[in-house]
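Participant: predicted model follows, preceded by the sequence.
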Amino acid sequence: MKSLIRSLWVSILGLLASVPSFADLKVATSLSDLASVARLVGGKHVSAQSLCPGYADPHFVPAKPSLMKAIQHADVFVSTGLELDAGWLPLVLPGSRNPNIQQGAKGFVDASDGITVLEKPTGTVSRAEGDIHPLGNPHYYADPKNLEIVASHLADVFSRRDPANAAEYAANAKAFQERMESSLAKWEKAMAPYKGASIVTYHPNFVYFADRFGLKLFGTVEPKPGIPPSPHYVNELAESMKKAGVKVVVYQPYYNADPNEQVAKRAGATAVEVATEAGGLPGTDDVFAKFDVLVSSVAGALSGKSGGAR
Amino acid sequence: MRLRMLACLFAALLCAPALATAQTKSMFSNLANPSIGMNALFSGQFARNLNQPYGLQFDEAEISLISVVDPYWTLVSNFVFLPDHTVDPEEVWARSTNIPAIQLKLGKIRGTFGKHGLLHTHAFPFIQAPVIMANSIGEEGFKDAGLEAAWLTPLPWFAELTGGVYQGIGVDDDHPLDFGSSRHDNVPFLGHFKNQFDLNNATTLELGQSFMQGRGSDADLHNAFGADLTVRNVPLKNANRRGWVLMGEYLQKGSRVGGAYHQEQHGGYASFQYRLSQVWWMGIRGEQARDCTTDFLFDSTVPGKVTRGSVNIAWMPSEFSFVRLEYSRANADDGHGAKPTDDRIMAQLSYTIGYHPAHAY
């Protein structure tokens, strides 16, 4: 009996010893790009997970109770802000019963703070225009420059929550910005020949990308945000693309490929599946890899040499 | 010089009203106003054996106000305007936001009992609530003033234990449970245990058990028991286009008379909902309720066995509106020779404006 109790204790101690050492800060985010930036800024002191994987639509994350459990002990929660996560975060955050990350608490971060927001409605906000975002277009993470702002913001938050490693967070944020600047120069060079070219997107989530790289947004496959296209609208859009010579349709992996391909086929254009969120497609594991693939897919499609990542 | 001073004075005079207006506006800021939303629900019912005219009718309009109160509380309220010109403060409760692992709800609340009983009318998966609901805890669940504490346990999966105490309340149209004793020790209470497991990235399993008890106006103890199971599939890559929900629930109402348990109304349902596309849903449900009353039994006061099957299809052009068409066929047996059947076709329209909080998973 004694030997049984002894071996039980040994097993328990062994189990305890095998528990991996925890990071200094546990970070959760509502977007995979934000988790990627948090990992790069936090380094070995931060563990970060996104509640929305890159291949899922950040507007429509099922508010599973398991997500509440996943952030019960988070030190920091990074929301995309601008109401992109408004359809599910108001359930998940209170459901976590974690006072540290509720809106207004020290561990809650709105990553859109400091971002120059595009497409802010100026007149009356009406759902006659579809499922619009009243605070402006929330897909700012499609512009590499905006992620530099997020990195700096996260370094400040991590430093306040974990002052012992503040110098490391600041250095990591600086390194992130330098790497982003040099990568951006490379991406701008790749996109330079297509400045002024027009593309069609499924949803208005390429606005910041187009603004950064000088593309023109000809239209969207959705007639209005959140409203699926009718066959009549698909025909109409394809006809107008044909007349204007628009040759590229881009859409994310979480949208239905069919209407995008129908529009492209009827317009004599190419439909390209691209990831605007890290992890959306193979080879896009972090934000740098995401932009590498995104830029090469869009540039490839505009050059007419490649069908993109699909 | 004098001319410049006069110009400055003139400009200051011109600006003064504007400054005054700005100050007046800031005194009555509306920035902290609550989020406001409204849902309106209409329906039409075509049933040959009901003494009701056909046509579209107004069911209810629900106005919701939600706001953070201070760093400690959020207030949630739903006021329902009914066709009989009454207003029901269906839910008015405060929720704690700063207690680790525990969420307190206090006020007039929808008791955390079962699965269907937690749904608002416009979120019912079928137009008609299951027959057992109105015969056990209430067609729209158990609603009463009280206090609930929901503890998110430290188990590695989502396991929530809820305990609640409520104001004693007698039987009425909304409350089939008799908790109407005026004894001081009549504090109806509730226990609920909910577990949710991720079977994979897309599929979840949810199990719930509920129990509620209070003392009735007859001085006996009255109680209700419930068990529910939900398997839900929402593929993350197609979260707004594909998915299905398989749901089943059993409810039982009873009382303890002279130390012996006496089973009263009991029954359950099983339903399957399937999302056909971004805008189309369909569903099928089977249910049985025993010792229950329903609107098509010849004598609606004599309980019997009711068996019903329903199918529906819903068109949801956006997140803010839907139109549903539903057919149901039911049989009843009151045990005294009456065995009526009921066929009905229903249509329902729902419209939401303003802010509407996401429905629970």
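Facilitator: Thanks, I have it. Numbers count the residues shown, from 1 in each chain, chains lettered A, B, ... in the order given.
Participant: pull the contacting residues for the residue in the stretch 201-310 of chain A positioned nearest to chain B.
Facilitator: The nearest approach of the stretch 201-310 of chain A to chain B comes at A:Pro228, 5.0 Å away (CB to the nearest CB). Backbone N, C-alpha and C define where each C-beta goes, glycine included. With contact set as CB atoms under 8 Å, 6 or more residues apart in numbering or on different chains, A:Pro228 has these partners: A:222, A:256, A:259, B:277-279.
Participant: what do you get if the cut-off is 6 Å, keeping everything else the same?
Facilitator: Contact analysis of A:Pro228 by CB atoms under 6 Å, 6 or more residues apart in numbering or on different chains lists B:Gln278.
Participant: and what of the one 10 residues further on?
Facilitator: Remark: with contacts taken as CB under 6 Å, 6+ apart, A:Ala238 is in contact with A:263, A:266-267.
Participant: and for B:Gly37?
Facilitator: B:Gly37 makes contact with B:64, B:354-356, according to CB under 6 Å, 6+ apart.
Participant: between these, which is nearest B:Asp144?
Facilitator: Closest approach to B:Asp144 among these (CB to CB): B:Ser64, at 19.0 Å.
Participant: regarding the closest one, what is its secondary structure?
Facilitator: Following DSSP: H, G, I helix; E, B strand; the rest coil, we place B:Ser64 in the strand state.
Participant: put the alpha carbons of stretch A:107-121 into CSV.
Facilitator: Backbone C-alpha positions of stretch A:107-121 (Å, rounded to 0.1, in the frame of the first residue of the first chain) are rendered in CSV as follows:
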residue,chain,number,x,y,z
GLY,A,107,-5.9,44.6,-19.9
PHE,A,108,-8.4,45.7,-22.7
VAL,A,109,-6.8,47.1,-25.8
ASP,A,110,-8.6,48.6,-28.8
ALA,A,111,-6.0,48.0,-31.5
SER,A,112,-7.6,50.6,-33.8
ASP,A,113,-6.5,53.5,-31.5
GLY,A,114,-4.2,55.8,-33.4
ILE,A,115,-5.2,54.4,-36.8
THR,A,116,-6.3,56.8,-39.5
VAL,A,117,-9.7,55.3,-40.2
LEU,A,118,-10.9,55.3,-43.8
GLU,A,119,-14.6,55.4,-45.0
LYS,A,120,-15.9,57.0,-41.9
PRO,A,121,-19.6,57.7,-42.7
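Participant: buried sites along it?
Facilitator: For stretch A:107-121, the neighbour count (16 or more other CB atoms under 10 Å in any protein chain shown) marks A:107-109, A:111-112, A:115, A:117-119 as buried.
Participant: quick one: distance of it to the chain centre.
Facilitator: 13 Å (CA atoms, centre = their mean, to the nearest Å).
Participant: and stretch A:205-221 with chain B, contact?
Facilitator: No - no part of stretch A:205-221 sits near chain B under the criterion CB under 6 Å from any CB of the partner chain; the closest distance found is 12.9 Å.
Participant: ok now that stretch, how far from the chain's centre?
Facilitator: 16 Å.
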